[in-house]
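Asker: sequence plus predicted model, see below.
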Amino acid sequence: MFAFLTVAALIAGAFAVPTVKPTPDVSPVTTLCTSTAMSGTCLSVPISPDACTSLTGGLTVLNDGVGSAQIPGGFVCTFFQNAGCLSALSADAFTVEALGTEAFDFSSVPGEFGTTSFLDDVSSFSCSII
């Protein structure tokens, strides 16, 4: 009888389903750098879709100091010259759409009236899922 219980326990153990611990949700981030070509001081900033992120508090090193950004794929981000994602004119903001994870330099941004520079001129941004 003991042999039968031992074999039954071994068979049951062979078919046991392993428990998998759930992984915590990971927020998407955009990486903002103080220089072009993703160099200088770089910070990873969590994206809250459809919410405005002003470069204040712990992000003040980037306020009016962003030179480049890496946007995760599947997001469209708008960068604003003013805090609070406010724009009085279309020239006060620009939008970047990333189909794959892409890096963008702010020194040469295509705009409505030609190429312009937003280098060291960004104070807030907002991203949405495409």
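Answerer: Here it is on my side, so go on. Residues are numbered from 1 along each chain as shown.
Asker: check which element follows the lowest-mean-pLDDT helix or strand in the chain along the chain.
Answerer: Least confident helix or strand, the chain: helix 2-14 with a mean of 45, by mean pLDDT, DSSP states H and E. Downstream of helix 2-14, the first helix or strand assigned by DSSP states H and E is strand 29-35.
Asker: in terms of secondary structure, what does that next one contact?
Answerer: strand 39-46, strand 68-71 (3 or more C-beta pairs under 8 Å, 6 or more residues apart in numbering; DSSP states H and E). For glycine as for every other residue, the C-beta is placed from the backbone atoms N, C-alpha and C.
Asker: which helices and strands does whatever helix or strand comes next after the first one pack with?
Answerer: So that's strand 39-46. Where DSSP H and E defines the elements, the next helix or strand beyond strand 39-46 is strand 52-54. Applying 3+ C-beta pairs under 8 Å, 6+ apart, we find strand 52-54 packed against strand 124-129.
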